[in-house]
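**Q** sequence and predicted structure are below.
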Amino acid sequence: MMMIRIGIAVAVAACLALGLAVPWIKTTVIVGVCYALAALGVTVLLRAGQISFGHAMYAIIAGYTVGFLARAFPQLDGLVLIFAGTLSSLLAGAVIGLFVVRYRGIFFGMLNLAISMVLYSLASKLFDITGGSDGLRITRPALLGYEFERAGFESAMLVLTLVCALVLGWWVQRYFKSAAGEALAGVKTNETRLEYLGLSTYRILWNGYVLSAGLVGLSGSLFAVVQGLVTPELGYWLRSGEFVFIAILGGASHVLGAFLGTFVFECVRLVAAAFLTGVWQMLLGITLIVVILTAPSGIAGLLRLHTIRVARQTA
Amino acid sequence: MNPLVRTEALKLAFGGVVAADGIDFVLHEGERLAVIGANGAGKTTFINICTGFLKPTSGKVYFDGRDVTNLVPREIVRLGLGRSFQLPQLFLDHTVRQCLELAAAGRSNKLGWFAPLSAVVNAGEVDHALELVGMRERANDPASTLPEGQRKLLDVAMALMLKPKLLIMDEPTSGVASEDKHELMATVMRALEERKVTSWFVEHDVDIVSRYATRVAAWIAGKIAADGPPAQVMASPQVRREVLGIS
C-alpha cells in the first residue's frame, strides 16, 4: 500500500513538474489524464464482465453540453461548464442505462456502439446546431472567477485535471471494495446467486453504468474546455475502442490499471508514431496481444500478483 | 404447524413434456422434507417454480401465506426463502469470507458505495458462519480453489446468511465423495437446527434420506406419487419400482 501511495505521489509530481517546466507538454498530460478517466469509466463496467464499444458517446454528450452552454452563456465559469457537462453525461447514462443494462456480452457492447454512432451522426450532420464536423469553438472560460492567459489557463487546468484524477481514482477504488462494488464484480461471476441473495443485478449494473458514464463525461468536459473545441470525433467509435484498449491493457483489478494503461498506450503511440509512421496501430495491436497472452488481467493484475507473491515470501 | 409453502394445481409443460402436472403440496414449519425421484421427474422444476425462477402455466404458489406466483426470485428470497443449488452458485473471484459478507450485505439490501464491504457487515456473524461450516481456515482462499464438498457447504452457508425461514437445497450431496456425504449433511443439519430453519432437500441417496428427513415426497413424471414418513414412502411398491429401482 505504501509503495502504491509513493508511486502515485511521484507520478503526480512528475506530471506537474513536466507540465510546468515544458509548456508544450501541458496539454498532452491533460489529454492523457482525460483518457485515463474515460478508461476508468470503461474499467468499472469491465469489473462486471461487460465491455462497451460506444462509451465515447458520454464524452461527446458532455463535450457538446459544455459547447452549447459556453455559447449561450459566455460568462459561465469553467468549473460550472465542467460540472454541467458531467451532469449531462450522468443523466444520459441513467436514461440509456435503463435500456442497455438488460443485455449482456456482445449485445451490451454493440448496443452501446449503435447508440454512440447515432449520436456521432447527429453531431456530424446537424450542421446548424452542432457545427458539423468543424464542431463548436469554446471561448476560454474564467476559472473560479479568474481570467487566465493561455499558459496560466493550461497550468490551472493541469492542476484541476490531476486533482479530479486523484480524488476520483481514490473514490472509485473505495467503490470497488465497497458492498456495491463487490456486488458489481459479482455480476461478472454469478448473477443467479446475486438474485438469490435478494439483490437486483439490474440495479447493481445500472449503478455501475451511470458511474462509468459520469467518468467518461467528466473526461469529455475537461477535454472540451482545455482544447476550446468539441467535434464529433470525440464520440467516434475509434475513440471508444481506445478506451476499451486502455482498460484491457491496464486491467480491472485496481483503478491504477486505467492510469498505467494510458501511460503505456501513450508511450507506445508516441514511439510508434515517431519510428513506425503509418503502421503505429500495428505496434499497439502487438502490445495488446502480448499483454493478453502474458497478463490476461492487465498491468494492474500483474502488479497485484507480484504484490501477493512478495507478501507470501515475507510472511 | 403453519403451512410455509403451499401450491395449488401447479402446472408447467415444456412443449410436450409435462414437468409439473397439477401439483397440490403443503410444507409445514419445522419439517425436514426430502424429495426423491428419477432424473427428469420434475423435482428441480418444482423448486424453480416455488422460488420464482420459472413461472407456472397455471396454478398458485404461496409462501408464508402470501401469493408469490408472479414474484421474481429476489422478492421471494426477501420473504424468507433461501436456496442452494445442485451446482453451487458462488462468486468464484471472491474469497470465502467475501462470499459470506456479500450474502450478509444482501440481507440488509443496503449496498453502500464508500465503506469497505467488510466494514458494513457483522464480522462476528461471518466468523460464526465460517465456524459452523468448518471453513474458518479457508476464509481468505478464493472460492474457486475449494473442493466440491466445501463449495456445497459455502453455497448453503451463503443462503443461511439471509436468515431464511425455509432453506431449499437441490441435491446437496451430489458430486461429493460417498464417504464425505454424511459428514456434509451432518454439518448442514447442525447449522439448520441451530437456526431453527425448515428445510427441503432433493436427494438420490436413500441412506441420507432415511437418516435426515422427517418426511419424504416421491416425484414421478411431474406428479407427487407418494408423500409421508420416510419408511412409509420407501415401502410403497410404485416408489420402490419407479424411483428406487427395486423390483
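**A** Cool, the structure landed. Numbering: from 1, shown residues only, chains lettered A, B, ... in the order given.

**Q** how about chain B: which residue is closest to chain A?
**A** Of all residues in chain B, residue B:106 sits closest to chain A, at 3.2 Å by CB to the nearest CB. Where C-beta positions appear, they are placed from N, C-alpha and C, glycine not excepted.

**Q** next up, the contacts around the nearest residue to that residue once chain neighbours are set aside.
**A** Distances taken as CB to CB, 6 or more residues apart in numbering or on different chains place residue A:197 nearest to residue B:106, at 3.2 Å, with adjacent residues excluded. Applying CB atoms under 8 Å, 6 or more residues apart in numbering or on different chains, we find residue A:197 in contact with B:74, B:77, B:102-103, B:106-107, B:158, B:162.

**Q** doesn't residue A:197 fall inside a strand?
**A** No. With DSSP: H, G, I helix; E, B strand; the rest coil as the criterion, residue A:197 is coil rather than part of a strand.

**Q** how's chain B carved up into domains?
**A** B:1-71+B:214-247, B:80-168+B:180-201 (automatic domain parsing).

**Q** pick the most buried one from these.
**A** Ranked by average neighbour count under the criterion mean count of other CB atoms under 10 Å in any protein chain shown, the domains of chain B are headed by domain B:80-168+B:180-201 at a mean of 19.

**Q** and the end-to-end length of that domain?
**A** From its first residue to its last, domain B:80-168+B:180-201 covers 16 Å (CA to CA, to the nearest Å).

**Q** what score does residue 104 have for pLDDT?
**A** Unless you meant another one, I'm taking chain A. Note on residue A:104: pLDDT of 94.

**Q** not quite, go with chain B.
**A** You'll see residue B:104 listed with a pLDDT of 93.

**Q** and the contacts of the helix or strand that contains it?
**A** Per DSSP states H and E: residue B:104 is located in helix B:96-108. Here helix B:96-108 makes contact (CB under 8 Å, 6+ apart) with A:179, A:182-183, A:186, A:194, A:197-199, B:90-91, B:94, B:111, B:117-118, B:120-122, B:125-126, B:129-130, B:135, B:138-143, B:146, B:154, B:157-159, B:161-163.

**Q** take these and keep only those in helices.
**A** Counting by DSSP state H, the contacts of helix B:96-108 place A:179, A:182-183, A:186, A:194, B:117-118, B:120, B:125-126, B:129-130, B:154, B:157-159 in helices.

**Q** closest to residue A:90 among the residues you listed?
**A** Nearest to residue A:90 among the ones in helices among the contacts of helix B:96-108 is residue A:183, at 20.2 Å by CB to CB.

**Q** ok, which stretches of chain B are strands?
**A** B:3-14, B:17-28, B:32-37, B:58-63, B:66-67, B:81-84, B:166-170, B:198-202, B:215-220, B:223-228 (DSSP state E).

**Q** of those strands, which is nearest residue B:51?
**A** Nearest to residue B:51 among the strands of chain B is strand B:81-84; the distance by CB to CB comes to 5.4 Å.

**Q** report all helices and strands that that closest one contacts.
**A** If you count contacts as 3 or more CB pairs under 8 Å, 6 or more residues apart in numbering or on different chains; DSSP states H and E, strand B:81-84 packs onto helix B:148-160, strand B:166-170.

**Q** rounded mean pLDDT for stretch A:248-259, please.
**A** Here the average pLDDT along stretch A:248-259 is 92.

**Q** please see if the helix or strand harbouring residue A:87 touches chain B.
**A** Here residue A:87, judged by DSSP H and E, is contained in helix A:78-100. No. Helix A:78-100 does not reach chain B (CB under 8 Å from any CB of the partner chain); its nearest approach is 14.1 Å.

**Q** centre of the chain to that helix, how far?
**A** Chain-centre distance of helix A:78-100: 14 Å, with CA atoms, centre = their mean, to the nearest Å.

**Q** outside of it, which residues touch it?
**A** If you take CB under 8 Å, 6+ apart as the criterion, helix A:78-100 is touched by A:57-59, A:61-63, A:65-66, A:69-70, A:108, A:111-112, A:115, A:138, A:141-144, A:157, A:160, A:206, A:209-210, A:212-214, A:216-218, A:220-222, A:224-225.

**Q** and these, which of them are buried?
**A** Neighbour-count burial (16 or more other CB atoms under 10 Å in any protein chain shown) is assigned, among these, to A:57-59, A:61-63, A:65-66, A:69-70, A:108, A:111-112, A:115, A:138, A:141, A:143, A:157, A:160, A:206, A:209-210, A:212-214, A:216-218, A:220-222, A:224-225.

**Q** so of those residues, which ones are in helices?
**A** A:57-59, A:61-63, A:65-66, A:69-70, A:108, A:111-112, A:115, A:157, A:160, A:206, A:209-210, A:212-214, A:216-218, A:220-222, A:224-225.

**Q** and stretch B:169-180, average pLDDT?
**A** Average pLDDT, stretch B:169-180: 86.

**Q** end to end on that stretch, go ahead and measure it.
**A** Terminal residues of stretch B:169-180 are spaced 17 Å apart (CA to CA).

**Q** is any residue of that stretch near chain A?
**A** No. With CB under 8 Å from any CB as the criterion, chain A is not reached by stretch B:169-180; the gap is at least 11.5 Å.

**Q** so which of the domains of chain B is nearest residue A:306?
**A** Closest among the domains of chain B, using CB to CB: domain B:80-168+B:180-201, at 17.4 Å.

**Q** any idea how far that closest one is from the chain center?
**A** Taking the mean of its C-alpha atoms, domain B:80-168+B:180-201 sits 13 Å from the chain's own mean (CA atoms, centre = their mean).

**Q** now the most centrally placed residue in chain A: phi and psi?
**A** Centroid-nearest residue in chain A, with CA atoms, centre = their mean: residue A:38, separated by 0.7 Å. Main-chain torsions, residue A:38, degrees, to the nearest 10: phi -70, psi -40.

**Q** how far away is it from chain B?
**A** According to CB to the nearest CB, to the nearest Å, residue A:38 stands 20 Å off from chain B.
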